[in-house]
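In: Prediction below, plus the sequence it came from.
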4 protein chains.
Amino acid sequence: MNTWGNKIKLSIFGESHGEAIGIVIDGLEAGIKLNLENINKFIERRKAGKSSFTTSRKEKDEYKILSGYKDGYTTGTSLCVIFENTNTISKDYENLKDLLRPNHADYPARIKFKGFNDIRGGGHFSGRITLPLTFAGAIAIDILEEKGIKIFSHIKRILDIKDKSFLELKEIDLEKFEDLKENSLPFIENNLENKTKELLEKIKLSGNSVGGEIECACFNLPVGLGSPFFDSLESKISHLAFSVPAIKGISFGIGFDFVNILGSEANDLYYLDNNEIKTKTNNNGGILGGLSTGMPLVFSVVVKPTSSISLEQKTINIKEMKEDILKINGRHDACIVPRVLPVIEAVMALAILDEII
Amino acid sequence: MNTWGNKIKLSIFGESHGEAIGIVIDGLEAGIKLNLENINKFIERRKAGKSSFTTSRKEKDEYKILSGYKDGYTTGTSLCVIFENTNTISKDYENLKDLLRPNHADYPARIKFKGFNDIRGGGHFSGRITLPLTFAGAIAIDILEEKGIKIFSHIKRILDIKDKSFLELKEIDLEKFEDLKENSLPFIENNLENKTKELLEKIKLSGNSVGGEIECACFNLPVGLGSPFFDSLESKISHLAFSVPAIKGISFGIGFDFVNILGSEANDLYYLDNNEIKTKTNNNGGILGGLSTGMPLVFSVVVKPTSSISLEQKTINIKEMKEDILKINGRHDACIVPRVLPVIEAVMALAILDEII
Amino acid sequence: MNTWGNKIKLSIFGESHGEAIGIVIDGLEAGIKLNLENINKFIERRKAGKSSFTTSRKEKDEYKILSGYKDGYTTGTSLCVIFENTNTISKDYENLKDLLRPNHADYPARIKFKGFNDIRGGGHFSGRITLPLTFAGAIAIDILEEKGIKIFSHIKRILDIKDKSFLELKEIDLEKFEDLKENSLPFIENNLENKTKELLEKIKLSGNSVGGEIECACFNLPVGLGSPFFDSLESKISHLAFSVPAIKGISFGIGFDFVNILGSEANDLYYLDNNEIKTKTNNNGGILGGLSTGMPLVFSVVVKPTSSISLEQKTINIKEMKEDILKINGRHDACIVPRVLPVIEAVMALAILDEII
Amino acid sequence: MNTWGNKIKLSIFGESHGEAIGIVIDGLEAGIKLNLENINKFIERRKAGKSSFTTSRKEKDEYKILSGYKDGYTTGTSLCVIFENTNTISKDYENLKDLLRPNHADYPARIKFKGFNDIRGGGHFSGRITLPLTFAGAIAIDILEEKGIKIFSHIKRILDIKDKSFLELKEIDLEKFEDLKENSLPFIENNLENKTKELLEKIKLSGNSVGGEIECACFNLPVGLGSPFFDSLESKISHLAFSVPAIKGISFGIGFDFVNILGSEANDLYYLDNNEIKTKTNNNGGILGGLSTGMPLVFSVVVKPTSSISLEQKTINIKEMKEDILKINGRHDACIVPRVLPVIEAVMALAILDEII
């Protein structure tokens, strides 16, 4: 089902080359002022065509709010926003349609939807479908910021380029983190941007692609958000994160590094900081028993390399049931990590909003 | 909310030292034969007190099916099963109750539940709550086996001990995997069991603990299960997996290793194997676009080290708001990984059942 | 929440004078052929301005299918359809906005939405919001007709004018019932139409309004649809029926007449009709224990008189908190019953579809 | 599905002659004091064997709270309560099992559950399943009373015996309504009890049965509870009300009488009563646009005559597919209306609680 959430309900729809894509956001109370400038700025961050290593194809990300909004404020009924698919010149999908593109959903989608799915531009599996999610996330971020809650993300790793983790920082300077939002290749460490840009341009030239790891953090959360068991904060965040195409793993706090240490090292010890309860380390990433601890909520996701590459690949023609060669032309992102960053922030914000509303 | 699922609905309840724990399973059709012997054998696998390195405390895992079952078959109405908490001699929780145990849910739970939660034995945050989930999983596994679908898991890693991955195997021999279920320290490679046993005994003796990584695989799935976007197979599995206490990360296929390779290496290329469509590699772990590809569905989770250790730890007395020393007596698991294995298989089975029913 | 359904999920949005109203229908499988001609004909039935006694205001009921549909067939992803609100010339709502209109939602809506709701044309409380529901119902009816299931409705009563009930008919002639769909004042008995038309014209002239009772029946249902308890067929149908503005009561079978008879008269006795199990009477309206019995499913709803009348009414100016006189100008329906008929058929169809899919 | 609710989730389970029946109530916050005395008194009201005209069979209504409750307060996790089925001496159901009892669920249940359902004592279709719902309702009533919200019900009609409606009362005296709870045949008018008792005893002697109409009212509700459209207050209440076996109709305010009057009479006119906004009439039963108006919320339900009567009835032997005679022995209620009263109050309370929590 394409519906998510308990207190807010998101219902997403659309295909990449259909009439429009969009989302219905149900559960926003009346009288929330929407800061369209902030929203525009936020969704701009996932736009293609801004860097040398992303696709040069320009999507139009203009939206229409159809309902639930009047004179700058939410009306309290479902807010529906749509993005029309204007720039969808009829490419010749005919010759591609029987060749299964590796790492795309072509094969299982064809079986599930019995051949009736819209394959143009990836249809409902297109990364473009994250655009309405990002829009919803922008609203959530705005509401959370009103409560003093802040969300940031950065590139944690691409191939050999490794950034610091939020968890390693001695001092948390939220002001400084604002820079991360201004940069299309945001790192905590200063000297990684140019190196990465060069790497990505090289990969793009070679017709190949690369993935990466994104770390996202949420600061100033109240203690005790979430639920034990089925609706643990980890459950809710991961559910939403894996909706995003190309995400193949998620970990909270130090995640898979828990396998390398003993309990005595893993345990986050409590101490009093000006009469506030904190932990010295934050290996658990701000969640214990599915509930927020008040420490920064930190998780990482891995994005797999862009599936579409320019290199020739062996595959199968499913109609003729014989092996064939696939050559994908057209413009592709060498690395979608920079564009996924705001989507992951949206995931964090929506999961938190569904708890805090 | 403690309710999960679309086509089946699970509603879990109970506290470790309350009257009983249990689960309501809604959505099983009438006339399913329950193989109680298989169920008993399965839930036996998560029992404590079987190995030198697990806790010597013996839980009674006897259950009563209260509804939805008659004369060996499901009746088609909600099946409720309970496990009474008989062996809960009143330990003195009074002196512990204000000392926040690190890595447990004590602190956020106290805030969320305003001090009214049952803290005895961890209350609703106890690992014991996975027992009813495991019971539900046993039913799911039985139903799936009827359809030829098989689920296996093994220990992938504990500290330096590393097993092979299901993904690396040239030949899949499901018969041989049955051994994994007979062993409390199941590895794919033969020579790892004794070494691990020694390691765990040493850690137990030292009063410390350790976590580990578990890999779980599901074979013979039909193509096209799952949904794009919000109810991707990854979303559903991860949602349920993070309900299990101590799980801090999940990855599908090669997961976080996607960060190390290029698209040309990451892409799983299709080929024909006796007129069946397969991929040469299975980096995506049998899921593309949220849908099953027909290749083995493979995921890994990381289990953090057991939070309760015998060593003294600094912490806070929350009532007096001052720092204090915590010394947890009593019997604990040095490593819960062996007991978590069947719980993770249950997670896989329930997520798949909710799609296939 | 504005989301309904288990196997299909409907998410409705929009305000009468906003950009657009619409619905997202999630859960339709791929490859369903949509018969747009049938859909158009069906939604045409709830259109205003067709009779002397309905409002002369002409809504444009043109729709755009934004997603989930391609080349005549569903694609298997969420289908979103919108109706733009083109004919919304700025009436002067300013002078009305503080006067509470009796029997409308003005007062509780103002409190709930803190004054931020869109009051133009009734906003989200407008009967116009039933248009997308009717569209969804048209699809459901088409799918059900493919399975041989037929739905009909008629006016059962307006003031003293009383029609026969489906339950009283000796012979069921589905062919003949087709006429009910062609008529804007459909009765089972032949001689009631003109009389009713006269009555309604008289009421319209006097500036007053009237309600009525609608009976709806579904034929050729399989036995055993529905669930005991929370998701009884009655629960599902009534939930949806009371979403429709102006509906204030629903009854199944003989409904409130059960109060007049003894058990020996109320019991529907089984007999064999050509080896088929039927009941002689159908007092229960085709539902027992929440499940369909195979007999025609029959329910009735009562529609209250149109709240907007031309007569002067005493009311309150909520801003000034003093009593005042309300005079509603503009064009109103003297009786909305004829326009509600297809909406109620849509309710029946969607509730059944959610069970049968 | 046997799960209901948005903010609270109810999951009901059990069969009349199985091990136990019960309910899981998810969503109660921690620290609610449960008044067991009130609860006991409330569920006592639906008990059989108290009057000459109800069945003389004595059910044991003793319960065990398994979870979510400690030392008098809710713990904040799911509360599960069970009622063991102790008094279920094996009646000979064998000879009844192929004879379809009229107006019971036997026939459609047999088809739906393929013969695997537990038919003893009605199984999951038994009125006994309303016992856990009544328990949940008792908790809800207690929580609402803390907020000053009061719920009452009375018999509105049985055959020719007609009581006044809450809607007709000039003065509302909540103190006096408390008497309605003390009486097993509660009427607003004083002189109806004995007459009714005589009527019911006569019907019982004749081996027949009778139904009735119940009116339920909720006082002191805040304005603006509920939602427009799918989750209108009417939708939520009716959904739950039709879960109760034998309910075949529901109406709000004057309900089906809206068909008899003009808009000018139907409209509830606003006036100021000590600066509070009220309506002179309450034809809409306290709900407009799906939202509470602050006026008393009033609805009526019709209960069909008890299906089991002692008189011989023609029916079908479904195994042999031939007509047969059914003679139901044993003890039955001549009229279940008095026992349904608290169940309907529970319905009101749970629907309101789900909005107000």
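Out: Great, that's in hand.
In: Kindly report the residues of the stretch 101-250 of chain A close to chain C.
Out: A:112-118, A:123-124 (Cβ under 8 Å from any Cβ of the partner chain). C-betas here are computed from N, CA, C, even on glycine.
In: Would you convert these into TSV that also reports distance to chain B?
Out: As requested, those are exported to TSV (distance: Cβ to the nearest Cβ, whole Å):
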residue	distance to chain B
A:112	3
A:113	8
A:114	9
A:115	12
A:116	13
A:117	9
A:118	12
A:123	9
A:124	5
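In: Where neighbours are concerned, which of those residues has the most?
Out: residue A:124 (30 neighbours; other Cβ atoms under 10 Å in any protein chain shown).
In: three-state assignment of the closest residue in space to that residue that isn't next to it in sequence?
Out: Sequence neighbours aside, residue C:77 is the residue nearest to residue A:124 in space, at 4.3 Å (criterion: Cβ to Cβ, 6 or more residues apart in numbering or on different chains). For residue C:77, the assignment made with DSSP: H, G, I helix; E, B strand; the rest coil gives coil.
In: ok, how many other residues are close to residue C:77?
Out: Residue C:77 has 30 nearby residues by other Cβ under 10 Å.
In: Quickly note the distance from it to residue C:168.
Out: Using Cβ to Cβ, to the nearest Å, residue C:77 is found at 45 Å from residue C:168.
In: Quick one: name the residues of the stretch 51-200 of chain A near chain D.
Out: residue A:77.
In: and the residue in the stretch 51-200 of chain A that chain D sits nearest to, what does it touch?
Out: The minimum distance from the stretch 51-200 of chain A to chain D, using Cβ to the nearest Cβ, falls at residue A:77 (6.9 Å). Shown in contact with residue A:77 (Cβ atoms under 8 Å, 6 or more residues apart in numbering or on different chains): A:67-68, C:2, C:13-15, C:117, C:123-124, D:228.
In: Least confident of the residues you listed?
Out: Lowest pLDDT among the contacts of residue A:77: residue C:2, with 86.
In: That residue reaches residue D:227, doesn't it?
Out: Yes: Residue C:2 lies in contact with residue D:227 (Cβ atoms under 8 Å); the separation is 7.1 Å.
In: mind checking the SS state of residue A:41?
Out: helix.
In: Same check on residue A:80?
Out: strand.
In: re earlier: output the residues of the stretch 101-250 of chain A next to chain C as TSV; include the columns secondary structure and distance to residue B:351.
Out: Shown next, in TSV, are those (DSSP: H, G, I helix; E, B strand; the rest coil; distance: Cβ to Cβ, whole Å):
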residue	secondary structure	distance to residue B:351
A:112	helix	17
A:113	coil	21
A:114	coil	23
A:115	coil	26
A:116	coil	26
A:117	coil	23
A:118	coil	27
A:123	helix	24
A:124	helix	21
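In: Please enumerate the helices of chain A.
Out: Along chain A, the stretches classed as helices by DSSP state H are A:36-44, A:106-112, A:130-146, A:174-182, A:193-205, A:233-241, A:263-266, A:337-356.
In: what's the nearest residue to the residue in the stretch 1-150 of chain A positioned nearest to chain B if we skip its chain neighbours?
Out: Nearest to chain B in the stretch 1-150 of chain A, going by Cβ to the nearest Cβ, is residue A:105, at a distance of 2.4 Å. Nearest residue to residue A:105, sequence neighbours excluded (Cβ to Cβ, 6+ apart): residue B:289, at 2.4 Å.
In: OK, contacts around the closest residue to residue A:43 other than its chain neighbours?
Out: Distances taken as Cβ to Cβ, 6+ apart put residue A:134 closest to residue A:43, at 5.2 Å, once the chain neighbours are dropped. Shown in contact with residue A:134 (Cβ under 8 Å, 6+ apart): A:42-43, A:46, A:342-343, A:346.
In: Can you tell me the strand partners of the worst-scoring helix or strand of chain A on mean pLDDT and which way each runs?
Out: The helix or strand of chain A with the lowest confidence, counting by mean pLDDT, DSSP states H and E, is strand A:3-4 at a mean of 93. In the sheet, strand A:3-4 lines up against strand A:9-13 (antiparallel) (DSSP bridges).
In: Name the residues that touch the strand it pairs with?
Out: A:2-4, A:21-27, A:129, A:132-133, A:136, A:350, B:229-230, C:1-3, C:9, C:11, C:24, C:26, C:66-68, C:77-80.
In: Buried ones from those residues, can you make that a ChimeraX selection?
Out: Buried subset of these, written as a ChimeraX selection, criterion 16 or more other Cβ atoms under 10 Å in any protein chain shown:
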select /A:2,3,4,21,22,23,24,25,26,27,129,132,133,136,350 /B:229,230 /C:1,2,3,9,11,24,26,66,67,68,77,78,79,80
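In: does the residue nearest to residue A:105 really touch residue A:101, like I thought?
Out: No: if you go by Cβ under 8 Å, residue B:289 and residue A:101 don't touch, sitting 10.9 Å apart.
In: who's more crowded, these two?
Out: residue B:289 (27 against 21).
In: so what's the backbone phi/psi at the residue nearest to residue A:124?
Out: When read as degrees, to the nearest 10, the backbone of residue C:77 gives phi -100, psi 170.
In: separation between it and residue B:222?
Out: 20 Å.
In: With residue A:213 instead?
Out: Distance from residue A:213 to residue B:222, by Cβ to Cβ: 32 Å.
In: Neighbour count for these two, which is higher?
Out: Neighbour count, other Cβ under 10 Å: between residue A:213 and residue B:222, residue A:213 has more, with 21 against 15.
In: which residues touch that one?
Out: A:155-158, A:300-303, B:256, B:259 are the contacts of residue A:213 under Cβ under 8 Å, 6+ apart.
In: Residue numbers of the stretch 51-200 of chain A in contact with chain B?
Out: Counting by Cβ under 8 Å from any Cβ, the stretch 51-200 of chain A sits next to chain B at A:100, A:102-105, A:107-109, A:111-113, A:124-125, A:129, A:157-159.
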